[in-house]
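A.B. asks: Provided below for reference: sequence and predicted model.
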Amino acid sequence: MPSRRADPVTVEVVELIGDVVARYHMEYEEAAARHQLTGAQAKVLTLLSLEPLPMRRIAQKLRCEPSNVTGIIDRLETRGLVERRPDPADRRVKLAAPTEEGAETAERLRESLDFAREPLAGLSAEERTSLRDLLKRMLG
């Protein structure tokens, strides 16, 4: 079977996507550290600022084991950034939810992530929409 070589543009796009991801992770870790959070804690807090979630769902979103999430939630709870509450739909299930301080910290964290905003600001609204649509299509 002959080997299939990617065309040069595809190779360049893959490398650029890798650079974007690496730069995003680096800035995300730096922003988290400025808030005395690990990257994983910052991701969980940001997720919870969108909606309270059960541990299992957090683990699915982060693609990790629920036991890892429990440790992260424990540390965030100790800092007063997250609380556990009963799920109104099923009182046997506990939801992790940000406290007021946790929600404020998540907002400050989002605001401090300039990496994505600055380059995107250089694109027109139409270009940003096209980029969004292409990325969604790539992710299926």
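C.D. replies: Sure, I can see it. Numbers count the residues shown, from 1 in each chain.
A.B. asks: just the helices in this structure please.
C.D. replies: For the chain, helices defined by DSSP state H occupy the ranges 8-34, 39-50, 55-62, 66-78, 100-111, 114-121, 125-139.
A.B. asks: From the contact counts, what lies against the longest one?
C.D. replies: Spelled out, that is helix 8-34. Helix 8-34 sits against helix 39-50, helix 114-121, with contacts defined as 3 or more CB pairs under 8 Å, 6 or more residues apart in numbering; DSSP states H and E. Every C-beta, even on glycine, is put in place using the N, C-alpha and C of the backbone.
A.B. asks: and the angle for the first one with helix 8-34?
C.D. replies: In this case it means helix 39-50. 90 degrees (axes from the mean of the first three to the mean of the last three CA atoms, to 10 degrees).
A.B. asks: Tell me which residues are up against helix 39-50.
C.D. replies: Residues outside helix 39-50 that contact it (CB atoms under 8 Å, 6 or more residues apart in numbering): 25, 28-29, 31-32, 35, 37, 53, 58, 61-62, 68-69, 72-73, 75-76, 81-82, 96-98, 102-103, 105-107, 109-110.
A.B. asks: Sweet, I'm off.
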